[in-house]
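Asks: Sequence first, then the predicted structure:
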Amino acid sequence: MRLIELCQPSAQEQVRRLFQTWTDKRQKGAEAIHVEQTAIERILRIAHHLPLVTVGVYLDETLIAFTINEVVQDHYYIGHFGKADPTYRGLGLYLECETAKIMAQMGCRYMNHEEDLGIPGLRTYKESLKLVAFLKKYTISLKV
């Protein structure tokens, strides 16, 4: 396990490759894949502007799991994305635990775990984690 410099093109390509592996093995619907892939591409484009902490697990120099996290205020971090090759059972949960340890060393006590992006399976997964609370979500719009 190691920290990844997500603003590096080679790291971004590894993330894209693993996402593709994940989608191939999970056999997700095209719409769900498109929504999540769009969100990942968006964060990769702006990675150099954000205080991201990306943690990866490698097997023979091949990325097999990652989390992309952002340190925010009041001892929180946002776990934006987490993907693991489904071949390795339990790897995703292991990486989330190890990521939490790293974030705790950085002063974070709470995690806002991934936007569910309107994907029902992700919402169900989040609820299965026995969360402490849900944060309120707001939509801000400009009237022109």
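Replies: On my side now, so go ahead. What you see is a predicted model; the values in this text were computed from it and never measured.
Asks: Can you tell me what sits against the helix or strand where residue 78 lies?
Replies: Using DSSP states H and E, residue 78 falls within strand 76-84. Residues from elsewhere that reach strand 76-84 (C-beta atoms under 8 Å, 6 or more residues apart in numbering): 15, 18-19, 22, 39-40, 43, 52-53, 57, 64-72, 91-92, 95-96, 99, 103, 106, 108-115. Glycine gets a C-beta too; all of them are placed from N, C-alpha and C.
Asks: Neighbouring strands of it in the sheet, and parallel or not?
Replies: Within its sheet, and counting by DSSP bridges, strand 76-84 is paired with strand 62-71 (antiparallel), strand 110-113 (parallel).
Asks: contacting residues around residue 27?
Replies: By C-beta under 8 Å, 6+ apart, no residues touch residue 27.
Asks: distance of it from residue 81?
Replies: The spacing between residue 27 and residue 81, counted by C-beta to C-beta, to the nearest Å, is 19 Å.
Asks: sorry, back to before: weed out the non-buried ones from the contacts of strand 76-84.
Replies: Listed as buried from those are 15, 18-19, 22, 40, 43, 52-53, 57, 64-71, 91-92, 95-96, 99, 103, 108, 111-115; burial here means 16 or more other C-beta atoms under 10 Å.
Asks: who does the residue most central in space within the chain bridge with?
Replies: For the chain, residue 81 is the residue whose C-alpha lies nearest the centre (C-alpha atoms, centre = their mean; 1.1 Å). Going by DSSP bridges, residue 81 is paired in beta bridges with residue 68.
Asks: Model confidence score at it, please.
Replies: Looking at residue 81, its pLDDT is 93.
Asks: distance of it from residue 143?
Replies: From residue 81 across to residue 143, the span is 32 Å (C-beta to C-beta).
Asks: Check residue 105 too.
Replies: Relative to residue 143, and taking C-beta to C-beta, residue 105 is found at 44 Å.
Asks: buried sites along the top helix by length along the chain?
Replies: If you go by DSSP state H, the chain has its longest helix at helix 9-26. If you call a residue buried by 16+ other C-beta under 10 Å, then helix 9-26 has these buried ones: 11, 12, 14, 15, 18, 19, 21, 22, 23.
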